[in-house]
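1. return a 3D structure for these sequence lines:
(chains A and B)
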Amino acid sequence: DAGVIQSPRHEVTEMGQEVTLRCKPISGHNSLFWYRQTMMRGLELLIYFNNNVPIDDSGMPEDRFSAKMPNASFSTLKIQPSEPRDSAVYFCASSTGGIPTNTGELFFGEGSRLTVL
Amino acid sequence: KNQVEQSPQSLIILEGKNCTLQCNYTVSPFSNLRWYKQDTGRGPVSLTIMTFSENTKSNGRYTATLDADTKQSSLHITASQLSDSASYICVVSALGSNYQLIWGAGTKLIIKP
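-> As a prediction, this is how the structure comes out:
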């Protein structure tokens, strides 16, 4: 299996521009997570999908952030308009199970490093 | 408040030596504890997952221990290799919060030749 695939790996944009990050989960995994990692705050859960349905988006910082999962093999995280404080590494992760079992293993992608100037 | 604290913040050891990383948590009620390895510029990779009833779990040269009474865990690395240089993150899950993982800040381990 190719693992969780994220694109782009690096994105540099100017403040105010729209940013779209993409994720392809592992085939057969029906739980998908978007995380953000910064030096100051570590890893933070942004949103969790189960069977393509958003279950918990309480971690999404503000209305500028939105996420979709139109099918089992694709998800996007969009930031519009982007701000310098959005600079971070954004990770997508997937796992098996319904609502993941407590011991469900998370498989992470390689991340998308976003820099907003 | 559910928290996970790791120590030391960073550690430098010589190749071939052993080391132990610590994790203390206040998560309650406890469900499971995970250790992840994150190489620079890569996503975290799971090393072990331990439930309440497990005291020790090994994955090659990595051995994790769990003391649910004192709410402490350790990750012991034996005969370190240069490829062990990474951040090691302790993550705890509470019962009833299946997908909400409480992440520690990590220990940055550097192995020197």
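
2. OK, contacts around residue A:80?
-> Applying Cβ atoms under 8 Å, 6 or more residues apart in numbering or on different chains, we find residue A:80 in contact with A:18, A:19, A:64, A:66. C-beta here means a position set from N, CA and C on the backbone, and glycine is covered the same way.

3. before we move on, what about residue A:25?
-> Residue A:25 neighbours (Cβ under 8 Å, 6+ apart): A:4, A:32, A:72, A:73, A:75, A:92, A:94.

4. what's the local residue count around residue A:74?
-> Residue A:74: 15 surrounding residues under other Cβ atoms under 10 Å in any protein chain shown.

5. isn't it up against residue A:21?
-> No: counting by Cβ atoms under 8 Å, residue A:74 sits too far from residue A:21 to count as a contact (11.8 Å).

6. what pairs with residue 50 across the strands?
-> Since you didn't name a chain, this refers to chain A. Beta-bridge pairing for residue A:50 (DSSP bridges): residue A:31, residue A:53.

7. that's the wrong chain, I wanted chain B
-> residue B:33.

8. in TSV, list the contacts of residue A:80 along with pLDDT, neighbour count and distance to chain B.
-> Supplementary listing: those in TSV, determined by pLDDT from 0 to 100; neighbours: other Cβ atoms under 10 Å in any protein chain shown; distance: Cβ to the nearest Cβ, whole Å:
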residue	pLDDT	neighbour count	distance to chain B
A:18	97	11	24
A:19	98	20	19
A:64	95	15	23
A:66	97	14	20
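
9. just curious, which of those is nearest to residue B:75?
-> In terms of Cβ to Cβ, no member of the contacts of residue A:80 lies closer to residue B:75 than residue A:19, at 35.4 Å.

10. the strand or helix carrying residue A:48 packs against which elements?
-> Take DSSP states H and E as the rule and residue A:48 turns out to sit in strand A:42-50. Counting contacts by 3 or more Cβ pairs under 8 Å, 6 or more residues apart in numbering or on different chains; DSSP states H and E, strand A:42-50 packs against strand A:31-38, strand A:53-56, strand A:65-71, strand A:74-79, strand B:101-103.

11. residues in contact with residue B:35?
-> B:23, B:46, B:47, B:48, B:62, B:64, B:73, B:75, B:88, B:89, B:90, B:91.

12. swap in 7 Å and give it another go.
-> Contacts for residue B:35 (Cβ atoms under 7 Å, 6 or more residues apart in numbering or on different chains) come out as B:47, B:48, B:64, B:75, B:88, B:90.

13. just those residues now: which is nearest residue A:115?
-> Checking those against residue A:115 with Cβ to Cβ, the nearest one is residue B:88 at 26.2 Å.

14. compute the inter-axis angle for whichever strand or helix holds the closest one and strand A:42-50.
-> Applying DSSP H and E as the criterion places residue B:88 in strand B:86-94. Strand B:86-94 runs at 50 degrees relative to strand A:42-50, counting by axes from the mean of the first three to the mean of the last three Cα atoms, to 10 degrees.
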